[in-house]
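J.: can you look at this prediction? I've put the sequence above it.
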2 protein chains.
Amino acid sequence: MSKAVIIRLSKYKNIIKRFKKLGFVKVFSDNIAEAIGGTSAQVRKDFSLFGISGNKRGGYIIENLLEKISEILGKDSLQKAIVVGIGHIGGALVNYKGFENENIKIVAGFDIDPARYKNEKNVRIYPIEQLKDFVKKENIKLGIICVPDIAAQQILELMISAGIRGVLNFAPILLRGNDTVVINNVNLALELENIIYFINVQDKEMQSS
Amino acid sequence: MSKAVIIRLSKYKNIIKRFKKLGFVKVFSDNIAEAIGGTSAQVRKDFSLFGISGNKRGGYIIENLLEKISEILGKDSLQKAIVVGIGHIGGALVNYKGFENENIKIVAGFDIDPARYKNEKNVRIYPIEQLKDFVKKENIKLGIICVPDIAAQQILELMISAGIRGVLNFAPILLRGNDTVVINNVNLALELENIIYFINVQDKEMQSS
DNA sequence: GGCCTAATGTGAATTTTATCACAAAAAGCT
DNA sequence: AGCTTTTTGTGATAAAATTCACATTAGGCC
Ligand SMILES: NC(=O)c1ccc[n+]([C@@H]2O[C@H](COP(=O)([O-])OP(=O)(O)OC[C@H]3O[C@@H](n4cnc5c(N)ncnc54)[C@H](O)[C@@H]3O)[C@@H](O)[C@H]2O)c1
Ligand SMILES: NC(=O)c1ccc[n+]([C@@H]2O[C@H](COP(=O)([O-])OP(=O)(O)OC[C@H]3O[C@@H](n4cnc5c(N)ncnc54)[C@H](O)[C@@H]3O)[C@@H](O)[C@H]2O)c1
């Protein structure tokens, strides 16, 4: 199943949750599409792909939908994560409360710099040397890399050796993993460049019309 | 031109710059592909799409390549950006030095909370009321939204009314723009859920083999 | 109960994206 | 100078993703 479909499923889940909070019991593919900025056909196709079905004319029962989607996404249980590199970005993440809505909890931070070992509000920060033990003992599967690019590959390897299975990487370099680990990258400079390009395209289109 | 191609072009540019720093004068499509984790055919196809050509058997002259790509990406000149919401994420961004390599400079921050108006190391933080004037006077085209989700749509509208043309949004909601503005979203919870899904898929595959 | 309408579910068609594969050109060697 | 090798550039092909379009079914109404 492609990454894009799964991202859409997560989006569906989020907005369906919002509908639920508003007191709705049913939704239509139209409602969902509108709310995430897609088409109803795609919503239905995606659902069909995962064997999720609703009621002709009656739409989908929110309760059922959420259950099915959560099952697919594997988010029934709380997912624990760690952050390595408690600088600007890492610090923002360990203090962020929004992940808990999604059943994700950052349980520890790690850094090489002793000045970081003070506890953040809720999350304890440990020396990097303790990562491996901690991850093994707590059976952590998810790691977030917020160290400078120069250190990122080395941290990835440490994580892999500790048994981490999924990584979100903020360092602007290509990490070399292996087939035991899935890596997603967040590259903000790339996002900005992309926006700049499309602004320029728009400008040119306007000039020529 | 699709977003994905442009993202690849940016990646090409970044690694070509790195080759240049290492003293290389030429590169081959193979080298580039290897470095960004793609195929050489795709590198060449992408180049061909933009009319970038090299020398049969001789590869590409780095100097030419960089010039051509920068021209396409519209990054010859410095791009000024502003950040709204100088909390955890916004604070990280205004203190980040890495964007300057990419010819992007965050020139100001804006917040609703007077406690934020102290200057960050290099970037001044202004009351949100001053955004419109500032953006118009300085002719800013690029805005980054780091406010809580509840405030994000309103900030987007303020940005649009001030003349901002491209937005990077960290709030986990769908923003409604118009055709004068291009919006990219960074949704970290979504990224994490995605990773969790693929970890689970891997697990199931292993069990069944 | 029969009719009408509004929704789903999904094959088929289309569009988009990526890969193949190979002719053509250039560099180097003898 | 001719032969060999390497690498580009790109049509052709394949694969993936999206949209279309419509048969099907269920709810509501008279
Ligand atoms: N801050 C931003 O806005 C921003 C934007 C885009 C990308 N990034 C990227 O995100 C990453 C983090 O950026 P930041 O601004 O938070 O950096 P930072 O310098 O504020 O923090 C980095 C942290 O990593 C720690 N560290 C360094 N080497 C380590 C190691 N080997 N093991 C453990 N910890 C180590 C440092 O002690 C520090 O606390 C960088 O790769 C950066 O390029 C940051
Ligand atoms: N911090 C994270 O790790 C993280 C992770 C994922 C998503 N996000 C998202 O990024 C956004 C920012 O998160 P954060 O943790 O930096 O939040 P934060 O609470 O630390 O900062 C938000 C800032 O926005 C300012 N603000 C609020 N309303 C405003 C308004 N109307 N105009 C101007 N300024 C206003 C506040 O004064 C504050 O300084 C949120 O939407 C959050 O959901 C953050």
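T.: Structure received. Residues are numbered from 1 along each chain as shown, chains lettered A, B, ... in the order given. Ligands and ions are numbered 1, 2, ... in the order given.
J.: start and end of stretch A:167-187, how far apart?
T.: Taking C-alpha to C-alpha, to the nearest Å, stretch A:167-187 runs 14 Å from one end to the other.
J.: would you mind listing the buried residues in that stretch?
T.: Residues A:167-175, A:177, A:181-187 are the ones in stretch A:167-187 that count as buried (16 or more other C-beta atoms under 10 Å in any protein chain shown). Using the backbone N, CA and C atoms, a C-beta is placed for each residue, glycine as well.
J.: in chain A, what residue lies closest to ligand 1?
T.: Ligand 1 sits closest to A:G87 of chain A, with a gap of 1.7 Å, by C-beta to the nearest ligand atom.
J.: contacts only, for that residue.
T.: Applying C-beta atoms under 8 Å, 6 or more residues apart in numbering or on different chains to A:G87 gives the contacts A:111, A:146-147.
J.: same question, A:I82
T.: A:I82 makes contacts with A:106-110, A:131, A:134-135, A:140, A:142-144, A:164, as judged by C-beta under 8 Å, 6+ apart.
J.: one more: A:D149?
T.: A:D149 sits next to A:171-173 when contact means C-beta under 8 Å, 6+ apart.
J.: now go through the buried residues of stretch A:167-187 and say which are in strands.
T.: Among the buried residues of stretch A:167-187, the members falling in strands are A:167-169, A:182-185 (criterion: DSSP state E).
J.: what is the nearest of those residues to ligand 2?
T.: Taking C-beta to the nearest ligand atom as the measure, ligand 2 sits nearest to A:L168 out of those, at 10.9 Å.
J.: test of understanding: give the bridge partners of that closest one.
T.: A:I144, A:N184 (DSSP bridges).
J.: I'd guessed it sits against A:V186; true?
T.: Yes: A:L168 is in contact with A:V186 according to C-beta atoms under 8 Å; the separation is 6.6 Å.
J.: any shared contact partners between those two?
T.: Shared contacts of A:L168 and A:V186, defined by C-beta under 8 Å, 6+ apart, comprise B:188, B:191.
J.: show me where chain A has its strands.
T.: Assigned by DSSP E, the strands in chain A fall at A:26-27, A:60-61, A:79-84, A:104-111, A:124-127, A:142-145, A:166-169, A:182-185.
J.: now for A:S48, how many residues are close by?
T.: 10 (other C-beta atoms under 10 Å in any protein chain shown).
J.: how much space between the nearest residue to A:Y96 once chain neighbours are set aside and B:L188?
T.: In this structure, A:Y96 finds its nearest non-sequential neighbour in B:H88, 6.6 Å apart by C-beta to C-beta, 6 or more residues apart in numbering or on different chains. Using C-beta to C-beta, to the nearest Å, we find B:H88 at a distance of 12 Å from B:L188.
J.: and for the residue of chain A found nearest ligand 2, the neighbour number?
T.: Nearest to ligand 2 in chain A, going by C-beta to the nearest ligand atom, is A:Y96, at a distance of 3.3 Å. By other C-beta under 10 Å, the residues close to A:Y96 number 15.
J.: mind listing what's buried in the helix or strand of chain A at the bottom of the mean pLDDT ranking?
T.: Lowest on mean pLDDT, DSSP states H and E among the helices and strands of chain A sits helix A:188-207, with a mean of 93. Going by neighbour count (16+ other C-beta under 10 Å), the buried part of helix A:188-207 is A:188-200, A:202.
J.: please name the nearest non-neighbouring residue to A:A171.
T.: Nearest residue to A:A171 in three dimensions, chain neighbours excluded: A:A152, at 3.7 Å (C-beta to C-beta, 6+ apart).
J.: which residues touch the one you found?
T.: A:145, A:169, A:171, A:173, A:175.
J.: which one among those residues gets closest to A:K56?
T.: A:N169 (44.2 Å; C-beta to C-beta).
J.: which pLDDT value goes with that closest one?
T.: Looking at A:N169, its pLDDT reads 98.
J.: that one against A:N184, yeah?
T.: Yes: using C-beta under 8 Å, A:N169 is in contact with A:N184, at 7.1 Å.
J.: so how far is A:D30 from the residue nearest the centre of chain A?
T.: Geometric centre of chain A, nearest residue: A:L168, 7.8 Å, by C-alpha atoms, centre = their mean. Using C-beta to C-beta, we find A:L168 at a distance of 33 Å from A:D30.
J.: equivalent analysis for A:F99, please.
T.: From A:F99 to A:D30 the distance is 30 Å (C-beta to C-beta).
J.: when those two are compared, which one has more neighbours?
T.: Ranked by neighbour count (other C-beta under 10 Å), A:F99 and A:D30 place A:F99 first, with 17 against 13.
J.: what is the least confident helix or strand of chain A packed up against?
T.: Judged by 3 or more C-beta pairs under 8 Å, 6 or more residues apart in numbering or on different chains; DSSP states H and E, helix A:188-207 is in contact with helix B:3-21, helix B:62-73, strand B:79-84, strand B:104-111, strand B:142-145, strand B:166-169, strand B:182-185.
J.: do the first one and DNA strand D meet?
T.: No: applying C-beta under 7 Å from any atom of the strand, one finds that helix B:3-21 is not in contact with DNA strand D, the shortest distance being 10.4 Å.
J.: that helix and DNA strand C in contact?
T.: Yes: interface with DNA strand C: helix B:3-21 contributes B:4-5 (C-beta under 7 Å from any atom of the strand).
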